[in-house]
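Undergrad: compute the structure for the input listed below.
(one chain, ligands or ions: 3)
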Amino acid sequence: MSAPRDLILSVNAGSSSLKISVFKPTHKADKEPVELLLTASFSNIFSPLALFSLSPKAPGESEKSRKNEEVQDVKDHESAFEYFLKSLQDSTSLERDQIAHVCHRVVHGGNYPEPVRISNESYHHIEDLTDLAPLHNAAALSVIKASLKILPDSSSIAFFDTAFHRTIPEHIAKYAIDPEIAESKGLKKYGFHGLSYSYILRATASFLKKDPSETSLIVMHLGSGASVCAIQRGASLDTSMGLTPLDGLPGATRSGGTDPSLIFHYTSKAGKVNRKTAENVHITDAEEILNKKAGWKALTGTTDFAEIAEKAAPSPRSAQSGGRDEHSNHTLAFHILVDRIIGFVGSYYLKLGGASHIDALVFAGGLGEHSAALRSAVAVRCKCLGFYISEDKNKRADDMEGDVVDLGDSHGQEHRGGMRVLLCHTDEQLEMARQCALHPEFSNELSKK
Ligand SMILES: Nc1ncnc2c1ncn2[C@@H]1O[C@H](COP(=O)(O)OP(=O)(O)O)[C@@H](O)[C@H]1O
Ligand SMILES: CC(=O)OP(=O)(O)O
Ligand SMILES: [Mg+2]
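TA: Ligands and ions are numbered 1, 2, ... in the order given. Sure thing, here's the model as predicted:
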């Protein structure tokens, strides 16, 4: 007898990584809707040797299927996905035929308010949005194409980063430009990392024993792409990324927000626009430079933030005093990021109406979850708003259990409005699988055998 077709595969195509998790629905109203069976990831996809890891999570699955290896044949997201499916078949007890749904994280979904099943029409609509998320949508589409080809009996469903931010009010989402042009070209703030913010909202509300619709947070998703979001009573009020994921905070290879005119001056001499030299730099080159050749990689030569945090001096003074010390660029990169983060935290504190309207400040993403030095530097600057952390808890956070960890200094909290400082281990793959298993139409298609 063949195994039931009930597995959910969640695929997250990042700018240089591919994260995949496999889930089984529990079909029980009093339990979490899905159970994790396996996680896999590829990093450094475009480097000569990508790194592949596979970890079984189900109790029955043999430890023998665990892998951590450099792989030769993976050169892009599509080949990484194919390599994963082959490993699933060869090294685990799971079968491809058991996969009912493949959930794809698609960063730019334009005005799609909900997940959509991939059809000719939705595929082409996502393709049209590729220019607005140049590091992401094309990678996701290549994996969608591969799954339609290799898994023709499973359905592919797109889950959008942008959907969470559809509640941002008009006066915050709109730019001060010609309204007709803005409307006809869809030029507005869309916001990203929405699957992560959805997960964090639910997880922190449950931790705080509140209903999500009564929970207000300032959340920092700090990964190789980084953003901040103000969540007011369960709805996105503002976020730091905009029309594209380039705006706001700097990232591993992204500049973050700059003066929009900077692109015209980038290559001209002495900071003056020289039409002759500017002619040689096409506008799409500028987009490529600001997305792929900027950020902390451009400042320091590495995308590894752990190395940057380790080499950065605790105060930015050495970077300001002429760059004499060996690691002044690391110091500069670290403190540029801290400066931009606290700028958004301060702004969102005001937009949310101050301490009595905010439940917590939340750190998440690769840097937010693992860099105690970055959390400490941000928290020191946010103390004046009434956010207190315990340095001891901050240092031990990696060893603390649970998907949400309280970093707070309870003495401070008791005396100032009760705002918490939390760390949340966010999980975009789990968020998609949950939404899929709870969706009336998609859940009906999961075998209950
Ligand atoms: N221990 C650590 N200290 C500081 N930064 C870290 C640590 N571990 C991972 N990171 C950083 O986290 C980033 C990746 O975060 P992640 O949220 O997984 O990003 P993405 O999935 O968007 O690529 C990398 O830039 C990496 O340098
Ligand atoms: C939107 C975005 O920047 O995503 P990521 O952080 O996964 O690169
Ligand atoms: Mg990410």
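Undergrad: which residues in this protein form strands?
TA: Remark: strands of the chain, listed N- to C-terminal, are 7-13, 18-25, 34-43, 50-56, 67-71, 99-106, 116-117, 155-160, 217-222, 226-232, 235-239, 360-364, 404-406, 420-424; assignment by DSSP state E.
Undergrad: make TSV out of those and add distance to ligand 2, mean pLDDT and mean neighbour count.
TA: Every C-beta, even on glycine, is put in place using the N, C-alpha and C of the backbone. Converted to TSV, those look like this (distance: least, CB to the nearest ligand atom, whole Å; pLDDT from 0 to 100; neighbours: other CB atoms under 10 Å):
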stretch	distance to ligand 2	mean pLDDT	mean neighbour count
strand 7-13	7	97	28
strand 18-25	9	97	24
strand 34-43	12	96	20
strand 50-56	17	93	19
strand 67-71	21	91	13
strand 99-106	8	98	26
strand 116-117	19	97	16
strand 155-160	11	98	24
strand 217-222	7	98	28
strand 226-232	7	98	27
strand 235-239	10	99	22
strand 360-364	11	98	27
strand 404-406	20	97	21
strand 420-424	15	97	25
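Undergrad: in CSV: those strands, plus distance to ligand 1.
TA: Conversion of the strands of the chain to CSV gives the following (distance: least, CB to the nearest ligand atom, whole Å):
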stretch, distance to ligand 1
strand 7-13, 7
strand 18-25, 7
strand 34-43, 8
strand 50-56, 13
strand 67-71, 16
strand 99-106, 10
strand 116-117, 23
strand 155-160, 15
strand 217-222, 7
strand 226-232, 8
strand 235-239, 15
strand 360-364, 8
strand 404-406, 15
strand 420-424, 12
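Undergrad: nearest to Lys189, of those strands?
TA: Across these, the minimum distance to Lys189, taken as CB to CB, is reached by strand 235-239, at 7.4 Å.
Undergrad: partners of that closest one, with directions?
TA: Paired with strand 235-239 in the same sheet, following DSSP bridges, are strand 226-232 (antiparallel).
Undergrad: so how far is the strand it pairs with off the chain centroid?
TA: With CA atoms, centre = their mean, to the nearest Å as the basis, strand 226-232 stands 11 Å off its chain's centre.
Undergrad: and the stretch 251-400 of the chain, which residues reach ligand 1?
TA: Applying the criterion CB under 6 Å from any ligand atom, the portion of the stretch 251-400 of the chain that neighbours ligand 1 consists of Ala252, Thr303, Asp304, Phe305, Ala306, Ala309, Gly365, Gly366, Leu367, His370, Ser371.
Undergrad: what is the nearest of the residues you listed to ligand 2?
TA: Gly365 (7.1 Å; CB to the nearest ligand atom).
Undergrad: distance of the closest residue to Ile289 other than its chain neighbours relative to Leu243?
TA: Nearest residue to Ile289, sequence neighbours excluded (CB to CB, 6 or more residues apart in numbering): Tyr266, at 6.8 Å. Spatial separation of Tyr266 from Leu243 under the definition CB to CB, to the nearest Å is 19 Å.
Undergrad: who's more crowded, those two?
TA: Neighbours of Tyr266 and Leu243, each counted by other CB atoms under 10 Å, are more numerous for Leu243; the result is 19 against 16.
Undergrad: surely the more buried one touches Phe192?
TA: No: counting by CB atoms under 8 Å, Leu243 sits too far from Phe192 to count as a contact (10.3 Å).
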